[in-house]
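>>> Structure for this input, please:
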Amino acid sequence: MNVRLAGLATCVAAALLLLLPTCAAADALDRIQARGTLVVGVKQDVPPWGMPDAQRPGHVVGLEPDLAQDLARRLGVKLKLVALLTSERVEALQSGRVDVLIAFLADTPERRRQMTLVMPHYFASGVSVLARRESAFRRWDDLRQRRVCGRHGAFYNRALTVRHGMDIVALYSNAVALPALRDGRCDALLYDDTAIAIMLEAPRWAAEFEMPLPPLYVAPWSIALHPAEAGGRLQARVSQSLVEWHRSGHLLALERRWGIPPTAYSARMHELWSRRTQDGWYCGESVTAQTPEECL
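The predicted model follows:
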């Protein structure tokens, strides 16, 4: 009996050893495809990149949800969107609450330490201010010791406080910050320069407000994954999707669809990734160590 039990134990151990490579090989892409759903964190307070759907309460629409939908299609799975505040993005990714972030995320050295940022980037912008015309701000130093509303978790808050001495009130969403600006509880609103330009196309903002200052801290935006996915198959699939979005003009088409003013960055990235040489694509078939830096 003991011999039989010992033999059974040996067989079980051998079977487990055979299974180990399969288990070890399982990665985020395996888990997403086994689940049948890609979970993507997006913003819902930065139109037109992410905003509530007026036709379907509880849903989010915009350029970034559209990118998430196309990514899920490419992976052959359904999509689940999770609306996040700026301050929630890192935690949501690191805790595994979302698989991917497509959420208005600028590429910074700190964020590269916190998560896997996928190349190439998909947009670029800087920070400026929305302020009443009567305030007559003409230099960033005009905001010294002025009460300025911003977003909690924005990477530039500390730098602007130190450099220009403004009193930044870091709020959790534009749903709070915009009324504070209109009511005069803030002298200006720190916000993405492209988003401000879009807001100022609406008469209700253009009548009283302006974007008087040149943008600072212009930075490209990244799609982000969990730190453990660096070099993994999910990163490769997302990266290839980004390449194809640039090469095909898909990103340019989405910008037009959502009324985003044409940007030199997007036009340049499309030109670079669709450029042909005698040896093939100028930027390459995909992102590698040989990809020219300007293509990233």
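>>> Give me the longest strand you can find in the chain.
If you go by DSSP state E, the chain has its longest strand at strand 116-132.
>>> residue contacts, Trp273?
Contacts for Trp273 were tallied using CB atoms under 8 Å, 6 or more residues apart in numbering; they are 120, 243, 246-247, 281-283, 295. Heads up, the C-betas are built off the backbone N, CA and C, glycines and all.
>>> where exactly do the strands run in the stretch 1-150 of the chain?
Using DSSP state E, counting those that start in this stretch, the strands of the stretch 1-150 of the chain run over 37-43, 51-52, 60-61, 78-84, 100-101, 116-132, 147-151.
>>> and among these, the most buried is which?
The highest mean neighbour count among the strands of the stretch 1-150 of the chain, using mean count of other CB atoms under 10 Å, belongs to strand 100-101: a mean of 28.
>>> quick one: strands adjacent to that strand?
Its sheet considered, strand 100-101 pairs with strand 37-43 (parallel), strand 216-225 (antiparallel) by DSSP bridges.
>>> Show me what the last one is in contact with.
Contact partners of strand 216-225, identified using CB under 8 Å, 6+ apart, comprise 28, 67, 89, 93, 99-108, 111, 115-119, 121-128, 140, 155-156, 159-160, 232, 234-235, 238, 242, 265.
>>> what about 6 Å?
By CB atoms under 6 Å, 6 or more residues apart in numbering, the surrounding residues in contact with strand 216-225 are 101-102, 105-107, 115-118, 121-124, 126-127, 156, 235, 238.
>>> Please work out the average pLDDT along the following helix or strand past it.
Next helix or strand after strand 216-225 toward the C-terminus (DSSP states H and E): helix 233-248. The average pLDDT within helix 233-248 is 98.
>>> Quick check: the gap between Trp49 and Asp107.
Noted for Trp49: a distance of 16 Å to Asp107, by CB to CB, to the nearest Å.
>>> Neighbour count for the two, which is higher?
Between Trp49 and Asp107, counting by other CB atoms under 10 Å, Trp49 is the more crowded of the two (27 against 18).
>>> Now do the contacts for that one.
Residues near Trp49 by CB under 6 Å, 6+ apart: 62-64, 104.
>>> about what we covered before: need the strands paired with strand 100-101 in TSV (columns: distance to Thr194).
Compiled in TSV, the strands paired with strand 100-101 are given as follows (distance: least, CB to CB, whole Å):
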stretch	distance to Thr194
strand 37-43	14
strand 216-225	11
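>>> Export those strands to JSON lines and append columns for mean pLDDT and distance to Arg182.
Listed next are the strands paired with strand 100-101 as JSON lines, based on pLDDT from 0 to 100; distance: least, CB to CB, whole Å:
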{"stretch": "strand 37-43", "mean pLDDT": "97", "distance to Arg182": "21"}
{"stretch": "strand 216-225", "mean pLDDT": "96", "distance to Arg182": "24"}
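>>> quick one: which of those is nearest Pro179?
Shortest distance between Pro179 and the strands paired with strand 100-101, using CB to CB, is found for strand 37-43: 18.3 Å.
>>> what's the closest of the strands of the stretch 1-150 of the chain to Asn174?
Nearest to Asn174 among those is strand 147-151; the distance by CB to CB comes to 7.5 Å.
>>> Mind giving me the packing neighbours of the helix or strand following the closest one?
Proceeding C-terminally, strand 147-151 gives way to helix 157-164 as the next helix or strand, assigned by DSSP H and E. With contacts defined as 3 or more CB pairs under 6 Å, 6 or more residues apart in numbering; DSSP states H and E, helix 157-164 has these neighbours: strand 167-171.
>>> Name the residues of the strand it packs on that are buried.
Buried residues in strand 167-171, counted by 16 or more other CB atoms under 10 Å: 168-171.
>>> ok, that strand: who's next to it in the sheet?
strand 147-151 (parallel).
>>> Kindly calculate the angle that the strand it pairs with makes with strand 116-132.
150 degrees (axes from the mean of the first three to the mean of the last three CA atoms, to 10 degrees).
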